[in-house]
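Peer 1: heads up, no residue letters with this:
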């Protein structure tokens, strides 16, 4: 005799969802009571992460890890204001991102009165390296991806595809260059020159900042600022990195510099009640929905 499949119950599903909502409210409320007060936490070394794409706001990018310059600067300032904190570790695992957001964070790192150490784990490229260069000491894994000093502003162009399907681009602008870079039309040589000029200016800023931060002649940074990335071991030979290693080397540097036993406290943007609840419910709803879907399909 075949085993009977359990029947789906809407009543049970609704009960589970309500229970998870109540549990989420209680859990997020408890967490929020203990979040955000870094002065009350033990520790003398702050750890701040630069993870994923660097942007001005987390709302600018969906479905991937993002570092917000506004949030990161706030964390740096809070660590700097804490008298118990002797040093700040900037843990980096990022391919870079917005030039503006990267410069904002780099400036915040330079403004702090604490010892700052950049720790490049897997990737510290482009804007992420800009931030790393602003610290007092840079430690990188020997096979990490480091450097990639340069600027990119590429985009997809669909004009050929539109022609193929007999779709026209109706151009209505109030300025000659208002739709410069539009993917729906072929870029002109004049427009290309304008965009390239802007890119070159940003690159020059980038090179100048790295040269100043790393105390390397600008002409030497210019030679290696081709956009190519370097392994950590290569970056050290070029003067972009001070030391090869990982967390142990970072801690040893701080302990020797300050004569302390490092006790790390992680500084991160704490989510509010609604944010935590939203995360909990979105994950739980996925699994509940998956279960409902399977039940309906198997019924």
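Peer 2: That came through, no problem. Please read all numbers here as calculations on a predicted model, not as lab measurements.
Peer 1: For residue 81, grab the count of nearby residues.
Peer 2: Other residues near residue 81 number 13, with proximity taken as other C-beta atoms under 10 Å. No exception for glycine: its C-beta is placed from N, CA and C like everyone else's.
Peer 1: Now do the phi/psi pair for it.
Peer 2: phi -80, psi -20 (degrees, to the nearest 10).
Peer 1: what pLDDT does it get?
Peer 2: Looking at residue 81, its pLDDT is 96.
Peer 1: The one 10 residues further on too?
Peer 2: pLDDT, residue 91: 98.
Peer 1: again, but for residue 228
Peer 2: 94.
Peer 1: and the helix or strand hosting residue 131, what other elements does it pack with?
Peer 2: Following DSSP states H and E, one finds residue 131 within helix 127-133. When contacts are defined as 3 or more C-beta pairs under 8 Å, 6 or more residues apart in numbering; DSSP states H and E, helix 127-133 packs onto strand 53-55, strand 87-94, helix 99-111, strand 115-125, helix 189-214.
Peer 1: Would you format those as TSV with distance to residue 245 included?
Peer 2: Converted to TSV, the helices and strands packed on helix 127-133 look like this (distance: least, C-beta to C-beta, whole Å):
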stretch	distance to residue 245
strand 53-55	24
strand 87-94	13
helix 99-111	20
strand 115-125	9
helix 189-214	18
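Peer 1: Relative to residue 257, which of the ones you listed is closest?
Peer 2: Of all the helices and strands packed on helix 127-133, it is strand 115-125 that lies closest to residue 257, at 6.0 Å by C-beta to C-beta.
Peer 1: Strand partners (parallel or antiparallel) of that closest one?
Peer 2: strand 87-94 (parallel), strand 137-140 (parallel), strand 145-147 (parallel) (DSSP bridges).
Peer 1: of all those strands, which lies closest to residue 174?
Peer 2: So among those, strand 87-94 is nearest, using C-beta to C-beta, at 38.0 Å.
Peer 1: what's near enough to touch residue 203?
Peer 2: 149, 150, 151, 225 (C-beta atoms under 8 Å, 6 or more residues apart in numbering).
Peer 1: give me that answer again for 10 Å
Peer 2: 99, 149, 150, 151, 152, 222, 225, 227 (C-beta atoms under 10 Å, 6 or more residues apart in numbering).
Peer 1: Out of these, which sit inside helices?
Peer 2: Applying DSSP state H to the contacts of residue 203, the entries found in helices are 99, 222.
Peer 1: how far is stretch 146-165 from where the chain is centred?
Peer 2: Remark: stretch 146-165 is offset 22 Å from the chain centroid, using C-alpha atoms, centre = their mean, to the nearest Å.
Peer 1: And for stretch 234-254?
Peer 2: 21 Å.
Peer 1: What average pLDDT does it get?
Peer 2: Computed over stretch 234-254, the average pLDDT equals 97.
Peer 1: ditto for stretch 150-160
Peer 2: The model assigns stretch 150-160 a mean pLDDT of 77.
Peer 1: burial count for the nearest residue to residue 116 once chain neighbours are set aside?
Peer 2: Leaving out its chain neighbours, the residue that sits closest to residue 116 by C-beta to C-beta, 6 or more residues apart in numbering is residue 135, at 4.1 Å. For residue 135, the count of nearby residues is 23 (other C-beta under 10 Å).
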